[in-house]
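Enquirer: give me coordinates for this.
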Amino acid sequence: MTDKGVQTINRALDIIEILSMERQGLGVTEIGNRTGLYKSTAHRLLNTLAERGYIEREPQNGSYRLGLKFVEVSSIYLNKIELKT
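Expert: Numbering: from 1, shown residues only. Predicted coordinates:
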């Protein structure tokens, strides 16, 4: 990695990609294990992503999954591109 900012973005994207493959979501410990991050680092990144709506925390079991912000951003993107038939 070239600088801390890029490393942080890469770590956040790693979390997003891992969660995109999980139907039921994952807990912070499992996310940390899969990404190689300390639990505290994973937790900070998860909190930031949750504040922005990119992930959601399941209240019943505390697991994390992708949030509706991805649908919103995708919808905006799809409305801007020209679909050729």
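Enquirer: mind listing what's buried in the helix or strand that contains I9?
Expert: When secondary structure is defined by DSSP states H and E, I9 falls within helix 4-20. For helix 4-20, burial by neighbour count (16 or more other C-beta atoms under 10 Å) applies to 11-12, 14-16, 19. Heads up, the C-betas are built off the backbone N, CA and C, glycines and all.
Enquirer: not counting that helix itself, show me its contacts.
Expert: The contact list for helix 4-20 (C-beta atoms under 8 Å, 6 or more residues apart in numbering) reads 1, 25-26, 31, 34-35, 37, 41-42, 45-46, 48-49, 54-55, 64-66.
Enquirer: rerun that using 7 Å as the cut-off
Expert: With contacts defined as C-beta atoms under 7 Å, 6 or more residues apart in numbering, helix 4-20 is touched by 1, 25-26, 31, 34-35, 37, 45-46, 49, 54-55, 64-66.
Enquirer: how far does that helix sit from its chain's centre?
Expert: 7 Å (C-alpha atoms, centre = their mean, to the nearest Å).
Enquirer: tell me the first helix or strand C-terminal of that helix.
Expert: The helix or strand immediately downstream of helix 4-20 is helix 28-35, counting by DSSP H and E.
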